[in-house]
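model the structure of this input:
(2 chains)
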2 protein chains.
Amino acid sequence: MSLAVVLVSPRNPLNIGAAARAMSNFGFLDLRLVRPYDVAWQEARSAVGAAQVLRDTRVFATVAEAIADCSEIVGTASLGHRELQHSVRRLEYGGRLIREQLADGQSTAILFGSEKYGLSNDDLSHCRWLMRIPTREEHESMNLGQAVAVCLYELVRRDEAAQESPKPKVGAVAADVQRIEEITLEILRDAGYLKPPVDESSVRKVRRLLQRLEFNTEDARIWLGMLRQIRWRLNTLKSSTHPDDI
Amino acid sequence: MSLAVVLVSPRNPLNIGAAARAMSNFGFLDLRLVRPYDVAWQEARSAVGAAQVLRDTRVFATVAEAIADCSEIVGTASLGHRELQHSVRRLEYGGRLIREQLADGQSTAILFGSEKYGLSNDDLSHCRWLMRIPTREEHESMNLGQAVAVCLYELVRRDEAAQESPKPKVGAVAADVQRIEEITLEILRDAGYLKPPVDESSVRKVRRLLQRLEFNTEDARIWLGMLRQIRWRLNTLKSSTHPDDI
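All right, here's what the predicted structure looks like:
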């Protein structure tokens, strides 16, 4: 994959550092800056957690130079941008197009404008289309570092992952659950919750109750320990208060 | 929808402000803080762009109090967390579950840990399951504000939007394109690119070439203007150099 993140006229070193960190998080390492505010750029280089990205970052004087080797140029914009010349695509759709282009080996640049003004009309004239993060109309404008993070997440997210089942807990073996069931029934009988003779339907009720808890191996062990202790306590109390019951 | 974002022991006012801003961007307004570093919280309140969220933010002494009214509690974690008691779900999948739960009217809390340590074992014990942003193993740990932004984006993103066609450009009416075609043919003949008599297949070739440009209304007007100027210039030059051609 060959994706360049191009920040045009960034002013805040924290945002350059944050963009670099999100790139490193999601595995995109090609950061390019166009006319960064000089102090910002010097400060950003010391940002933690994105050393490799910042070390390899290239600085350009113009957008044209920054994107010269890219065949697809995508701008980021809010709905406020009334650049009717461009198609504005929601991130979900635009991200899919970019993923497909990257898979086809097309080198692609995503341009982000300055914190305050976004991309200028001149910057936008280099873009083939625009991409919009689906923020709400009442508060559209995102922080630069967060916008980069959200766009890159869309590029690495996998639809299939949404369908995956979670890694199942390692369930306790049936023997353990049966042992829990036996002791639970014993305790409930001793406690007078179940009256002997205990009928089969009560036993099934308790079994289903326990099955729904989906004990894992470790938890089953802990529950068994607790239940055994309760049974022991009940038995001890019974023997001391009613010695003739032994 | 009733979603609470719970930041546990946040230290950096910029991160609290950034979390609030992303929440406002994506339309989630219920921010809760557990034991924020006091100075951080006071500073964060002045963060721009998220006034409503920060004004309504509630501060709690314990995780238990912060989540008391929520029926689903989700922690965020990296793979480094070896909390085998919990299922760890990728954001794509976890986000889908949370969307479904919110649609069912379940009030849900997502917990984010401190910048440095993430959620503690004690914090995690309140969670039913954990969610993981699919960052790469070499650099897993995200900035807090960016992590909040990415998780909330997953909650508002719409699968259908990825399939949507972009809003089509308002295409130029066929009459305009035909006018462009006529003048182009005239110029190409005058320039000697097409030799008269111009055959139908050449005309079709030019027409298809122009159709593929998908002029919009505004652009068609501009192209017509440019082409007319070129034709005028050609005619002027012809008449001055070969007066007998008039």
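
from A:Ser24, how far out is A:Ile180?
According to C-beta to C-beta, to the nearest Å, A:Ile180 and A:Ser24 sit 47 Å apart. (Each C-beta comes from the backbone N, C-alpha and C, glycine too.)

correction: A:Arg204
55 Å.

go on, A:Arg157?
Taken as C-beta to C-beta, the span from A:Arg157 to A:Ser24 is 17 Å.

repeat for A:Ser107
20 Å.

swap in A:Gly225?
For A:Gly225, the distance to A:Ser24 - C-beta to C-beta - is 45 Å.

higher neighbour count, those two?
A:Ser24 (23 against 10; other C-beta atoms under 10 Å in any protein chain shown).

so the more buried one makes contact with A:Gln52?
Yes: the pair A:Ser24 / A:Gln52 is scored as a contact, 6.7 Å apart, by C-beta atoms under 8 Å.

max-length helix in chain A?
For chain A, the longest helix by residue count, based on DSSP state H, is helix A:217-241.

packing partners for that one?
Helices and strands touching helix A:217-241, by 3 or more C-beta pairs under 8 Å, 6 or more residues apart in numbering or on different chains; DSSP states H and E, are helix A:174-190.

give me the most central residue, chain A.
A:Tyr153 (8.5 Å; C-alpha atoms, centre = their mean).

what are the buried residues along the helix or strand of chain A with the lowest mean pLDDT?
When the helices and strands of chain A are compared on mean pLDDT, DSSP states H and E, helix A:38-44 comes out lowest with a mean of 78. Judged by neighbour count using 16 or more other C-beta atoms under 10 Å in any protein chain shown, the buried positions of helix A:38-44 are A:Ala40, A:Trp41, A:Ala44.

got it, and stretch A:65-76?
A:Ala66, A:Ile67, A:Cys70, A:Glu72, A:Ile73, A:Val74, A:Gly75, A:Thr76.

ok, which of the residues you listed also contact chain B?
Contacts with chain B are made by none of these, judged by C-beta under 8 Å from any C-beta of the partner chain.

in helices only, show me those.
Using DSSP H, the members of those that fall in helices are A:Ala66.

could the buried residues of stretch A:65-76 go into CSV alongside pLDDT?
What follows is the buried residues of stretch A:65-76, written out as CSV (pLDDT from 0 to 100):
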residue, pLDDT
A:Ala66, 94
A:Ile67, 92
A:Cys70, 87
A:Glu72, 87
A:Ile73, 90
A:Val74, 94
A:Gly75, 94
A:Thr76, 94
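
correct me, but A:Val92 touches B:Asp159?
You called it Val, but residue A:92 is Glu. Yes: in this structure A:Glu92 lies within contact range of B:Asp159 using C-beta under 8 Å: 7.2 Å.

ok, the two, which is more surrounded?
A:Glu92 (22 against 10).

quick one: that one from A:Cys127, how far?
Distance from A:Glu92 to A:Cys127, by C-beta to C-beta: 19 Å.

which parts of chain A belong to which domain?
Annotated domains of chain A cover A:3-163, A:174-245 [automatic domain parsing].

buried residues, stretch A:100-120. List them.
Neighbour count says stretch A:100-120 has A:101-102, A:107-115, A:118-119 buried, by 16+ other C-beta under 10 Å.

now, those that are in strands?
Among the buried residues of stretch A:100-120, the residues falling in strands (DSSP state E) are A:Thr108, A:Ala109, A:Ile110, A:Leu111, A:Phe112.

need the max-distance pair from these.
Spanning the widest gap among these are A:Thr108 and A:Phe112, at 13.7 Å by C-beta to C-beta.

which one of the buried residues of stretch A:100-120 sits closest to B:Arg11?
A:Glu115 (23.4 Å).

ok, the closest one touching A:Arg11?
Yes: checked against C-beta under 8 Å, the pair A:Glu115 and A:Arg11 is within contact range at 5.6 Å.

which one is A:Arg99 nearest to, not counting chain neighbours?
A:Leu155 (6.0 Å; C-beta to C-beta, 6 or more residues apart in numbering or on different chains).

neighbours of that neighbour, how many?
For A:Leu155, using other C-beta under 10 Å, the count is 20.

check A:Trp129 too.
17.

ok, what's across the strand from it?
A:Val74 (DSSP bridges).

can you tell me how far it is from B:Leu91?
Taking C-beta to C-beta, one finds A:Trp129 at 26 Å from B:Leu91.

how about A:Ser9?
Taken as C-beta to C-beta, the span from A:Ser9 to B:Leu91 is 31 Å.

which one of these two has more residues nearby?
Neighbours per residue (other C-beta under 10 Å) separate A:Ser9 from B:Leu91, with B:Leu91 holding more: 24 against 21.

how long is stretch A:49-61 from one end to the other?
End-to-end distance for stretch A:49-61: 26 Å, by C-alpha to C-alpha, to the nearest Å.

show me which residues of it are buried.
So stretch A:49-61, judged by 16+ other C-beta under 10 Å, has buried residues A:Gly49, A:Ala50, A:Val53, A:Leu54, A:Thr57, A:Phe60.

can you narrow the residues you listed down to the ones near chain B?
If you filter the buried residues of stretch A:49-61 for contact with chain B, counting by C-beta under 8 Å from any C-beta, you are left with A:Gly49, A:Ala50.

what about chain A, any weak spots by pLDDT?
Along chain A, the parts satisfying pLDDT under 70 run over A:1, A:46-48, A:79-85, A:164-171, A:242-246.

ok so, going back, for the buried residues of stretch A:100-120, give me a markdown table that also has distance to B:Val198.
Supplementary listing: these in a markdown table, determined by distance: C-beta to C-beta, whole Å:
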| residue | distance to B:Val198 |
| --- | --- |
| A:Gln101 | 38 |
| A:Leu102 | 43 |
| A:Ser107 | 40 |
| A:Thr108 | 40 |
| A:Ala109 | 41 |
| A:Ile110 | 44 |
| A:Leu111 | 43 |
| A:Phe112 | 48 |
| A:Gly113 | 47 |
| A:Ser114 | 51 |
| A:Glu115 | 55 |
| A:Gly118 | 47 |
| A:Leu119 | 43 |
